[in-house]
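Novice: Take this sequence and fold it.
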Amino acid sequence: VLGLVRSHRVKMEREYWRQHTDRVEIVPYDMLDGGKTLRTALSKCHGYQDTCIYHVASVFGPSNDHKQVAQGNVKGTEDVVRELARFRASSKSRPRLVLTSSMAAVRATGQVPKNGKVYTFEDWNTMSELGSNWGASYQWSKAESERQAWKLAKDMGIPMTTLCPSFVFGPSHNYGASSSYSIDLVTKWMRGESEVQSRLCVDVRDVASTQVTAGTSADAIGKRYIVSAERRLASLDTANALKKASPVPEKVHADTKFDGGAIRIGEQEVEAIERLNTELGIVLRPVAQTFEDMGNELLAQNALTVRN
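Specialist: Okay, here's the model as predicted:
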C-alpha cells in the first residue's frame with residue numbers, strides 16, 4: 001500500500017504506520033504539480049495486474065484565497081484521472097479509481113432536492129458559486145471536481161466509483177498529528193468555546209469501510225453513493241452525547257436557532273442507507289455513538305484542556 005501525503009506530513013505518517021505495519025509506504029505528494037508525484041508513486045505499481053487509487057481528500061477550511069484553493073482542488077482531481085490513463089497505457093495494470101467526493105457535490109446550501117423530498121445520488125449541486133465565500137468555493141470545487149472526473153474517466157476508460165460523504169466526524173487515533181477541521185470544531189464544542197451545531201454527518205470509520213468495499217467490488221464501478229446518516233441529529237442531542245466526555249459539561253451549549261434549512265432537522269434529508277447496505281454491505285453507526293466515541297477519544301488523548 002502506498003500512501004501519498006503532503007511533504008510536511010511524510011515523517012509523521014511514516015512514524016505512525018511503522019508502529020502498525022510494514023506494508024504501508026508513505027511518499028510525498030503535491031496536488032498541484034501536474035501529476036508528477038502521483039506518476040512517481042504509480043511507477044512503483046508496475047507489474048501488478050490490479051491497482052486501485054483512492055482519492056480521499058481535498059483542501060478544506062477557511063482561507064483568504066479560497067477561489068484559488070477551489071480551482072486547485074479541481075485541477076488536482078483532473079490530474080489523478082489523467083495519470084491513471086497514462087499509467088494504464090504504459091503498464092499491464094488495470095487501474096480503477098475511488099473518488100471521495102462530498103455531499104457538497106450533491107447539493108448547495110438551501111438547494112431543494114430534485115424530487116422535492118430528499119437528496120439522492122442523482123442530485124447535483126447547481127447553486128454554489130466560485131468566489132462567493134470559502135464555503136461556497138469549496139462546495140463548487142467538490143461538484144466541479146466530480147463532474148470533471150466522471151467526464152474524463154468516461155473519455156479515458158478509467159473504471160470509477162464516487163462516494164459523497166456528508167460532514168465526517170469520529171475518533172482520531174493520532175490527535176497530535178491531525179489538522180482536521182472536524183476535530184478542531186468538536187474540541188471547541190466540548191470546551192464550551194462555541195455552540196454545538198446540528199450537522200448532517202457520517203462516521204469516519206464508516207467512510208473508510210465504504211472506500212475499501214467500493215475499491216474491491218466490481219458491482220460498484222460506474223456508480224455514485226451518498227455516504228451519510230439520513231437525518232440530522234438535533235444540536236441538543238449532539239451536545240448531550242459530547243457532555244459525557246467533556247471536562248466542563250456545564251459549558252457545552254447548543255445552537256437551537258438553526259432549523260435545518262431546505263429540510264427541517266429530524267426529517268429525512270437524504271436517501272442512502274438501504275443502497276449502501278444492499279449493494280455494498282455497509283451498515284452505518286448511529287450518529288450519537290459517533291460523537292460519544294469521538295469525545296471519549298479526545299479526552300483520552302488530553303485534547304480537551306480548558307483554556308482560561
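Novice: got the contact list for Gly222?
Specialist: When contacts are counted by CB atoms under 8 Å, 6 or more residues apart in numbering, Gly222 touches Pro159, Met160, Thr161. Where you see a C-beta, it was placed from the backbone N, CA and C, and this is true even at glycine.
Novice: What is the burial count for the first one?
Specialist: By the criterion of other CB atoms under 10 Å, Pro159 has 16 neighbours.
Novice: Kindly report the same for the second one.
Specialist: For Met160, the count of nearby residues is 26 (other CB under 10 Å).
Novice: do the last one as well
Specialist: The tally of other residues near Thr161 (other CB under 10 Å) stands at 25.
Novice: again, but for Ile26
Specialist: 20.
Novice: Name the residues that touch the host helix or strand of it?
Specialist: Taking DSSP states H and E as the definition, one finds Ile26 inside strand 25-28. Outside strand 25-28, the residues that touch it by CB under 8 Å, 6+ apart are 1-7, 10, 13-14, 17, 37, 40-41, 44.
Novice: Take those residues and keep only those in strands.
Specialist: Residues of the contacts of strand 25-28 located in strands (DSSP state E): Leu2, Gly3, Leu4, Val5.
Novice: Let me see the contact set for the first one.
Specialist: The contact partners of Leu2, by CB under 8 Å, 6+ apart, come to Val24, Glu25, Ile26, Val27, Ala41, Lys44, Cys45.
Novice: what sits against Thr77?
Specialist: His55, Ser58, Leu99, Ser145, Glu146, Gln148, Ala149.
Novice: okay, it: pLDDT?
Specialist: pLDDT for Thr77: 96.
Novice: quick check, it in a helix?
Specialist: Yes. Under DSSP: H, G, I helix; E, B strand; the rest coil, Thr77 sits within a helix.
Novice: ok so, going back, check which strands are paired with the strand holding Ile26 and give the direction for each one.
Specialist: strand 2-5 (parallel) (DSSP bridges).
Novice: before we move on, back to that, pLDDT check: weakest of the contacts of Thr77?
Specialist: Ser58 (84).
Novice: what residue ranges in the stretch 51-200 of the chain score low on pLDDT?
Specialist: 174-179 (pLDDT under 70).
Novice: And the strands in it?
Specialist: Remark: strands assigned in the stretch 51-200 of the chain by DSSP state E, counting those that start in this stretch are 94-100, 160-165, 167-169.
Novice: Compare the ones you listed and report which one is nearest to Asp33.
Specialist: strand 94-100 (18.6 Å; CB to CB).
Novice: Show me what that closest one is in contact with.
Specialist: Counting by CB under 8 Å, 6+ apart, 42, 49-57, 77, 80-81, 84, 87-88, 145-146, 149, 153, 158-163, 165, 207, 211, 214-215, 221 sit against strand 94-100.
Novice: try 7 Å
Specialist: 49-57, 80-81, 84, 87-88, 146, 149, 153, 158-163, 165, 211, 214-215, 221 (CB atoms under 7 Å, 6 or more residues apart in numbering).
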